[in-house]
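Asks: sequence and predicted structure are below.
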Amino acid sequence: MSDRRNAIACALVVSTALGAFLALRAVLVPPVPVDDARAVAAAVLTAARGADAGGVVGAVDRVLPGEARAVVVRPARPGEPPARPGRPPGREADHRVVVVVGDLDRAAVASLAADGGVIGSATTPDGWWAAVSVPAAGPARVGPALALLVAAALLGAAATEVPHRTTRRREALVRGLAGVVADLPEDVAARVREVLAVRAVVPDGLPVDDRHHHVVATEATGDPALVDTVARTLRPGCADGHRLVVRPEVVVYVRAVRTPPQ
């Protein structure tokens, strides 16, 4: 019977390690742009050049895919005021498109780079220039990342030969993930908790309870009403239904010690 349990544990470790490897590979592969950024930039430039005066923003909006954004630089038209030192003579914009007249708007281009998408650009000999930021297929990576976390937790559970009762297996999984989830971006952490059907425990402002809270630091206060309450949560805990699986790490208010006047 013992040999059978060891064989099952070994098979679980091997299969889960393979799953962890595949998930890690999916997470580390560079993001793939939804659309070819250079082709989008060329389409933006064509639309901008064909638009009427004052209609460039709308024309570019119509050819931009999804959440893409664009900066277009166009030559000054006859009759437009000359550029003032350090500033272009004109600027049109909405939430996705910025059109700059006669010069490069560095702030607008910097905002494209800050989006984290794939950047593409296109130019023409007569002074038109366009840059676009095309979102990469990033949200789908939450799945592989979650699979990787679950695999890591299962590996830990299998390596310690957790008994094969459902409640104990689930508790081991939640414990294994809780320490990692706290360090994830909030949207990913919320997705993990939703999949596991658990909730975060953040006891800010509640009376401290050593059974349910792991006190890691204290903070002095002159307000008697705050003494022995949770000042803030450093790392959320994790609860499965009404059962606390992982205690939150908290800072607790303590009474300030008054120093006698010298």
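Replies: Happy to help now that I have it.
Asks: burial check on residue 249, number of neighbours?
Replies: Applying other Cβ atoms under 10 Å, we find 16 other residues in the vicinity of residue 249. C-beta: built from backbone N, CA, C; applies to glycine.
Asks: strand partners of the host helix or strand of residue 133, parallel vs antiparallel please.
Replies: Taking DSSP states H and E as the definition, one finds residue 133 inside strand 129-134. Strand pairing for strand 129-134, determined by DSSP bridges: strand 69-74 (antiparallel), strand 118-123 (antiparallel).
Asks: check the secondary structure at the closest residue to residue 122 other than its chain neighbours for me.
Replies: Computed as Cβ to Cβ, 6 or more residues apart in numbering, the closest residue to residue 122 that is not its neighbour in sequence is residue 41, at 4.1 Å. Of the three states, residue 41 takes helix under DSSP: H, G, I helix; E, B strand; the rest coil.
Asks: residue 41 reaches residue 133, doesn't it?
Replies: No - Residue 41 is beyond contact range of residue 133, at 9.9 Å (criterion: Cβ atoms under 8 Å).
Asks: between those two, what contacts are shared?
Replies: When contacts are counted by Cβ atoms under 8 Å, 6 or more residues apart in numbering, residue 41 and residue 133 are jointly contacted by residue 70.
Asks: so where's the chain uncertain?
Replies: Low-confidence segments of the chain (pLDDT under 70): 1-35, 80-93, 102-117, 136-189, 191-196, 258-262.
Asks: show me it divided up by domain.
Replies: 1-30+138-197, 37-134, 198-262 (automatic domain parsing).
Asks: tally up the residues packed near residue 57, please.
Replies: Neighbouring residues of residue 57 were enumerated by other Cβ under 10 Å; the total is 19.
Asks: surely it meets residue 100?
Replies: No - applying Cβ under 8 Å as the test, residue 57 and residue 100 come out as separate, 11.4 Å apart.
Asks: return the set of buried residues in stretch 244-262.
Replies: For stretch 244-262, the buried set under the neighbour-count rule, 16 or more other Cβ atoms under 10 Å, comprises 245, 246, 247, 248, 249, 250, 251, 252, 253, 254.
Asks: no, scratch that, I was asking about stretch 72-81
Replies: By neighbour count, and taking 16+ other Cβ under 10 Å as the criterion, the buried residues in stretch 72-81 are 72, 73, 74, 76.
Asks: max pairwise distance over those residues: which two?
Replies: Largest separation among the buried residues of stretch 72-81 by Cβ to Cβ: 72 and 76, giving 13.5 Å.
Asks: what about the strands in the stretch 151-262 of the chain?
Replies: Using DSSP state E, counting those that start in this stretch, the strands assigned to the stretch 151-262 of the chain run over residues 199-201, 214-221, 230-235, 237-240, 243-246, 249-255.
Asks: nearest to residue 207 among those strands would be which one?
Replies: Closest of the strands of the stretch 151-262 of the chain to residue 207 is strand 230-235, at 7.8 Å (criterion: Cβ to Cβ).
Asks: which other helices and strands does that closest one contact?
Replies: Packing contacts for strand 230-235, counted by 3 or more Cβ pairs under 8 Å, 6 or more residues apart in numbering; DSSP states H and E, involve strand 214-221, strand 249-255.
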